[in-house]
Structure formats: structure tokens, C-alpha cells
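Asks: Structure for the following, please:
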Amino acid sequence: MIYKNDFLEAMNITYTQRMARSEADRQRLHYEIACFYYNDYEEISRILKEETLNNPYSADTLKTIRFRHIDMMRKVVKKLTAGVYHQRPIRKLVISEATETTEEVTDEALEEVLEVANFHTAVKDAYEAAQVFNTVFAMPVFDEQKKTMRIDVILPNDVTVHEREADYLDFDAIGIKKCIGGEVIQSVWTETEHYRKDGDTTEAVPGNESMKNPFAPVIPVSVLRLRKGWDFYGEPNWNLYNAQKELTINNTEMKLAEQKIMHQAYVAVNMALSENDTIKPGVILQRNGVREDEAQPTLESVTSNYDFAGIREQTDYLLSQLAISEGMNASSVSQQVDDLSGIAKIVDNAELEEKRLDNLELLYQFEIDLLNKCRMVWNKYSATKLNEAGEFEVEFVEDSQTETVSDKTARREMEKKYGIANEIDFVIEDKELGSREEALAHIKQRQDELTQLNTAPTVAETETVGEPPEEETQQ
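Replies: Prediction:
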């Protein structure tokens, strides 16, 4: 129906309907990815049965098939995020900066609040989920019964946002699916309102009958987005998702082939078998009274010439391409790939390290925003308060385990050989000293101590000084 015969109005209605269908398709896609991310085997089987129906499996085969699923997605995610949160970042609420005469003043209560909220685990979970979904949400929630705060990490399949007109990467309203009392409802937050929505019914949140946003105009939800895209959510990690599905299907295909080889088919010629005859160990099948003009009785097994080696190589190639596309070396996800050369490993490690450094900047902005919203929620409901005027600081701790002892020794020998560095530079690096003079003084002190140790008499020598041997004394 075209209202007022207005063609533009008709176009708007069509666009709205298409956007609604598009949002439903997006949520369905993210839900399917979430099933693989959480390793929900029953839902994974349902998804794969829909995709493989008549491509290549028949409906009868799918009734009895059991997919051989191995969770490779989790391994790749752990590899991509390793080292970033290996050590806890230093998170501070700075009340006043340090000066030449005064020390830095921080709010010591922050550490306890973050421990109660399990902040570190939440941001780490969000970072891992973002490797798959690209965009994830984190929301501080205060439990008034327990008087504690938690942080919910929310995946995009449970979220619907209304993009801000001025910036498609920001939102001015959000709906979050929640299960309350066994029913799935939507918790809606706007810059002015907060209420629950069950279908077309709108109801107030208990304790907020006015349905106003208690933090207006701020919505207490933070967003972590690793890469910008065409819309608010960007694109999920298609490489990882498609490779995981293909790996499961390939493994299932090999399992079916193994069953066909173990339970062979037989071709009987002139064996006079009845419908109820079975072939099993200990049973002798005989065919007597064969005439000369009849075919000779034969019973032959038919085995499959399934190319297991070829399928394994193809699967291994798939995993190696997945690793390379994510900045990892192929040997990190496969046992069949030969070890890469030293140069290839250096290039892969450099690419992965650069990717992590880019993510650190995104994580810094995400943590600062989430810390501010945690303070806002905590101060609203808790009896103890965090300093309102202070500013949050986050300092990521570099992982010092990236270089092995043997690599470090080889590097320093090379640097000494070509005159790039000497012992003074090595002491500055190890002791984190501020000048070469301090390093030189440290080296001299160590040398003096070694000299004293080498010239000082041992305990045994000290005990025997001035004492004649026992035999001479007896004489």
C-alpha cells in the first residue's frame, strides 16, 4: 500500500522492511557463529545438516550421521590473543599527577572494585570474542542483592542497535536479549529511557517504574571493534568460520569412508542367498549342486579406494592457509607442514606482533571507556564510592618471554662480533638502568666482588691456618 500516492514514502517503507529482514539475517548469522564459538555440538550438527542436505548427503544419511567436530576455532583464537593479557595491565585511577615535590595520588579502592567485578577476565573474554565476531559489547551490571558488580560480555547475536545518524559506528539506542524467569525478553536502553520489551509489550524494570535511564544521557555499554566495516558491526572472521565448518565436514567424510571400509559390501554370484542370510565370522556359505552350464559361485568384497591421504593433505592445506591469513606460521596449526625457515618465522612473527600492537590501541580505548562506565554504575548503587574527578590510566605490560635464552645469547654474540653493542648495553637492557655510567659502575662492582671471592680463603683453609698436621703434633 502506497500512502498518499507518495512514491518516496513507498521507498521508505520498502527500505525499512528490507532493513528488518537484513537485521534478522545478521542475527541468525551471528547466532550460528556463536554456536561454533561456544562449541555447542547439538546446534553445530543442526546447522551442518541444513547446509549438507543433498549437498552431498541425502536425507536418509543425515538421519544417522554424527558429525566429527574438532574445535579448531578456539586454538586459533588463543594463538591470536596470546601475550596481550599474559600479564595484567596496570590500571589506576589517578587523582593527582606526580610533580617534582609530590608523589602521584591514586584511588586505592579501584583495585578491589575491579576484583569484585572480575574486570580482567571480562576484557580478556571480550578480546577473544572480537577475534571471531569483530564487534562485541561489555556492560557493567550491579547486583543490588549481593551488593557486587559484574561485567557481562555480550555477543552481537544478542544485540540490536540503532545507529546514530551522525556516526554509523556509534549508537543512541540498544536492545539486549536477556533470559529472565525462563523467558527471553529484550532490555532496551536509550539516552533517556530504560525498559523491558516482550514482543510488542513494553514494561518497566522493577525499581524503575518511570522507565527513565538512570545514567542519562550515557548508555552503560562499551563497544570493542577490531575493524571498521560497511555497517556498525563490520564483518566477522569469515576465514575462521568457514575453515571450521569445512574442517568438520572433511573429518566427517573421512569417518564415513572408514565405516564403509570396515563394513564392506559384497557381490555374490550364483550363491543362492536368501534375504535372511548374513555374512559374519564363523559362518560358512556353501553352494552345492552347481551345473556345468551355470556360472561359478563367487563371493567378493568391494572396498572403497577412498583417497585418505589426499583428503588429509587438502585439510592440512586449508589449515595452513587459515594460519597464514591470520598472520601465523602454518606449523602452528598443523603437524604435517614442515618447519618454516628462520626468515619466514621472523616475517610471520613480525606481522602478528604488528597486528597485536594495533589491537593494543583499540583495547586501551575500550578499557578506558569501560572503566568510566564501571565507575558510573558503581557510584550509583554502591555505598562506597570511587573518586569522580580522577582519570583512569591503563598501561599494558610487555611479555618478556618472547625471546628464548638461546636466542638472546646468539643475538648478543652477534652484536658483540659486529660492534653493535657491548656489556654496558646488555646491563642497561637487563637492569633497565638510565645511563651508561650506572651500567659501568654496576659492572665494576660485580668485578670487585668476583675478585674478592676468588682471593678470599675458603672455610677449610681458614680452619687449618696456624695448626700443624695431626701426625706432627703426636710426634
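
Asks: Just the buried positions in the helix or strand containing residue 260, please.
Replies: Element membership of residue 260, judged by DSSP states H and E, is helix 238-262. Of the residues in helix 238-262, 240-241, 243-245, 247-254, 257 count as buried by neighbour count, 16 or more other Cβ atoms under 10 Å. C-beta coordinates here come from the backbone N, C-alpha and C atoms, glycine included.

Asks: Just give me the closest of the residues you listed to residue 419.
Replies: Among those, residue 240 lies closest to residue 419 (Cβ to Cβ), at 46.0 Å.

Asks: how near is the closest one to residue 80?
Replies: Using Cβ to Cβ, to the nearest Å, residue 240 is found at 9 Å from residue 80.

Asks: For the stretch 151-300 of the chain, which segments are assigned as strands?
Replies: Ranges of strands in the stretch 151-300 of the chain, per DSSP state E, counting those that start in this stretch, are 159-164, 167-180, 183-190, 194-198, 201-203, 222-225, 265-269, 298-302.

Asks: just the ones you listed: most buried one?
Replies: strand 222-225 (a mean of 22; mean count of other Cβ atoms under 10 Å).

Asks: average pLDDT across that strand?
Replies: Average pLDDT, strand 222-225: 98.

Asks: As a check, name the ranges of all helices in this structure.
Replies: According to DSSP state H, the chain carries its helices in the segments 7-37, 41-52, 59-64, 73-81, 109-117, 119-133, 238-262, 308-325, 342-381, 405-417, 423-431, 436-455, 459-464, 470-474.

Asks: can you give me the mean pLDDT across the second one?
Replies: When you say that, I think you mean helix 41-52. Average pLDDT, helix 41-52: 95.

Asks: If we go by neighbour counts, what in it is buried?
Replies: Buried residues in helix 41-52, defined by neighbour count with 16+ other Cβ under 10 Å: 44-45, 47-49, 52.

Asks: Which residues does it contact?
Replies: 32, 35-36, 62, 65-67, 69, 245, 248-249, 252 (Cβ atoms under 8 Å, 6 or more residues apart in numbering).

Asks: what pLDDT does residue 215 get?
Replies: 96.

Asks: and the gap between the residue nearest to it when sequence neighbours are not counted and residue 245?
Replies: In space, and not counting its chain neighbours, residue 215 is closest to residue 376: 5.8 Å by Cβ to Cβ, 6 or more residues apart in numbering. Counting by Cβ to Cβ, the gap from residue 376 to residue 245 is 41 Å.

Asks: before we move on, back to that, CSV please, covering the helices of the chain and showing distance to residue 184.
Replies: Shown next, in CSV, are those (distance: least, Cβ to Cβ, whole Å):
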stretch, distance to residue 184
helix 7-37, 13
helix 41-52, 16
helix 59-64, 29
helix 73-81, 25
helix 109-117, 25
helix 119-133, 20
helix 238-262, 24
helix 308-325, 34
helix 342-381, 24
helix 405-417, 53
helix 423-431, 56
helix 436-455, 63
helix 459-464, 77
helix 470-474, 93
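
Asks: Name the stretch among those that sits most buried.
Replies: helix 119-133 (a mean of 21).

Asks: Give the other helices and strands that that helix contacts.
Replies: For helix 119-133, the packing partners by 3 or more Cβ pairs under 8 Å, 6 or more residues apart in numbering; DSSP states H and E come out as helix 7-37, helix 73-81, strand 135-143, strand 148-154, strand 222-225, helix 238-262, helix 342-381.
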